[in-house]
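# structure for the following, please:
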Amino acid sequence: MNEEEISLILDTYMYLDNKEAKDGMCLSKVIEKLADAPDCMEGGCHYEEYQILSKAVQNPEIGELIIGNQSHLMGFDSGTAACTFRTKDSKSVYVVYRGTADGEWVDNAVGMTEAETIQQKRALSYFDTVVNREELKENERLVITGHSKGGNKAQFVTMSSKYADKIDACYNVDGQGFSEKAIEKWKQELGNREYENRRNKITGIYGENDYVNVLGHSIVSEDNVYYIRTPADKKDFAGYHDITYMFAKRIHDTTTGSEKVVFDACKNDYAPGRGIIGNYVSELSGRIMDMPRESRDGCAAFMMQIMELTKGRGNGINGEVATLSDVNEFCMNGIPMICNSLLFSGEGALFLDAALCKDSFALSMQGNVNFEIDTDRLRKQAATLINQSILLESVRKELETIIGDVKKYMKTEPVIYAQLLVKEAEIRRNIRLMEEKGKQLYSTVYIYEQKDEEASLFFE
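Take a look at the predicted model:
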């Protein structure tokens, strides 16, 4: 097996969240001990991963890998889920990071705007600790890999570590990109030559319809990007980002006469390129990254907070929470942007066509989708926004008068005065946003009414 295939298998292992393995055990023994674990049995939450791994370890190249440096045994937090695997002959060492853990979703949002995040820095601390601990020799090959956020961490470490010269290859599997701040920081600190040298170590391995690797700004060279078939059912949207579907095969079940999915240890064939979902989310991500930093930060924080809530947590692993300001940014800027990308981009039209009219996102589709818009309703919404902005302006003026009185009679209360100034500035900003959104809705109505295409779908 080549390094890419081994990396995919090890990235899959990380999702077992196995805390029973002991450093020094070979992977075949680790998997053997999980045979009776309820989560790994049919119907269990890790059944698919176990099916892949139980077959993979039959190959000595996988089964004889020795686990070590498990982060939970080294005092790292639950988000920094990582470990190493060393080949039996000690010629290669793999450093492997798990994907997003509970509590890390909001940290993903921070990575869309900031140069680095807390969890990225912890991943870097883990790597540097391992390099010092292992005392790697000159002839040992060091490979770093991870899926989803794990892939993002692997890239971050490759670009940021003082031991980057020891890294021979980085395999980023469905990992998201970075903010422009991060890229500018690396270019400034490393210089263009070293920046290019490090990024050329990174290989991107993406599901054809994965919707995470397209987030943020990619640093992976296009020549180093490969796409893999992921035959997930269209109803299982999460499956398109699930690493197990890189090993999934659809076969005909002679007993039931229908198709069923089986998981083996051989990765699927390469796809010719990015699929419909990937193309649409890439287009959407581009719009997000073009937003003003404050709006992008608020929209990303709100969406990732929703993901956190679906996992049962109310805040991030480091106490991060979405604020009312974030909710406002998403409602005022995020929702209109998403609707606009669906209605007025070719990628959005193809995505909707596949989502509503086709059996699979994997089918090749031609043509455009036409939309009928309730222009009367849009006009009413635009008028409402403009009217609300006028009413809010009258409130702002009243507040401005109060602020003037406070300045005259309450000089001993500077805190109250400062808070009122902040509130007045916030109201002023909301007035501007309402006016802008009202004008955008009027513009949407105008653009639509210039079109002569016959509508085929109606969206309220």
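# show me where the stretch 201-350 of the chain has helices.
276-289, 293-310, 324-329, 335-344, 346-357 (DSSP state H, counting those that start in this stretch).
# got the buried residues for the last one?
Pointing back at helix 346-357 there. Glu347, Gly348, Ala349, Leu350, Phe351, Leu352, Asp353, Ala354 (16 or more other Cβ atoms under 10 Å). Bear in mind the C-beta positions are built from the backbone N, C-alpha and C, glycine included.
# next: the second one.
Residues of helix 293-310 classed as buried: Ser295, Arg296, Asp297, Gly298, Cys299, Ala300, Ala301, Phe302, Met303, Met304, Gln305, Glu308 (neighbour count, 16+ other Cβ under 10 Å).
# same question for the third one.
By neighbour count, and taking 16+ other Cβ under 10 Å as the criterion, the buried residues in helix 324-329 are Asp326, Val327, Asn328, Glu329.
# give me the contact list for that helix.
Identification of contacts with helix 324-329 by Cβ atoms under 8 Å, 6 or more residues apart in numbering yields Glu294, Ser295, Asp297, Gly298, Cys299, Ala301, Phe302, Gln305, Asn430.
# just to revisit the earlier point, adding pLDDT, write the buried residues of helix 293-310 out as CSV.
Formatted as CSV, these follow (pLDDT from 0 to 100):
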residue, pLDDT
Ser295, 80
Arg296, 84
Asp297, 82
Gly298, 79
Cys299, 79
Ala300, 80
Ala301, 74
Phe302, 75
Met303, 75
Met304, 77
Gln305, 70
Glu308, 63
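# ok, these vs Ala101, which is closest?
Of all the buried residues of helix 293-310, Ala101 sits closest to Glu308, with 10.9 Å by Cβ to Cβ.
# thinking again about what came up before, could the buried residues of helix 324-329 be laid out in TSV, adding pLDDT and distance to Leu142?
Formatted as TSV, the buried residues of helix 324-329 follow (pLDDT from 0 to 100; distance: Cβ to Cβ, whole Å):
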residue	pLDDT	distance to Leu142
Asp326	75	39
Val327	76	44
Asn328	78	46
Glu329	78	41
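# any idea how far the residue nearest to Gly278 when sequence neighbours are not counted is from Glu5?
If the residues on either side of it in the chain are set aside, Gly278 comes closest to Asn209, at 5.3 Å by Cβ to Cβ, 6 or more residues apart in numbering. Distance, Asn209 to Glu5, using Cβ to Cβ, to the nearest Å: 21 Å.
# repeat for Gly275
Distance of Gly275 to Glu5, given as Cβ to Cβ: 21 Å.
# more neighbours: which of these two?
Gly275 (27 against 18; other Cβ atoms under 10 Å).
# these two touch, right, the more buried one and Tyr206?
No. Gly275 is not in contact with Tyr206 according to Cβ atoms under 8 Å; the separation is 9.8 Å.
# what touches both of these two?
Tyr227.
# SS state for Tyr417?
Counting by DSSP: H, G, I helix; E, B strand; the rest coil, the backbone at Tyr417 sits in helix.
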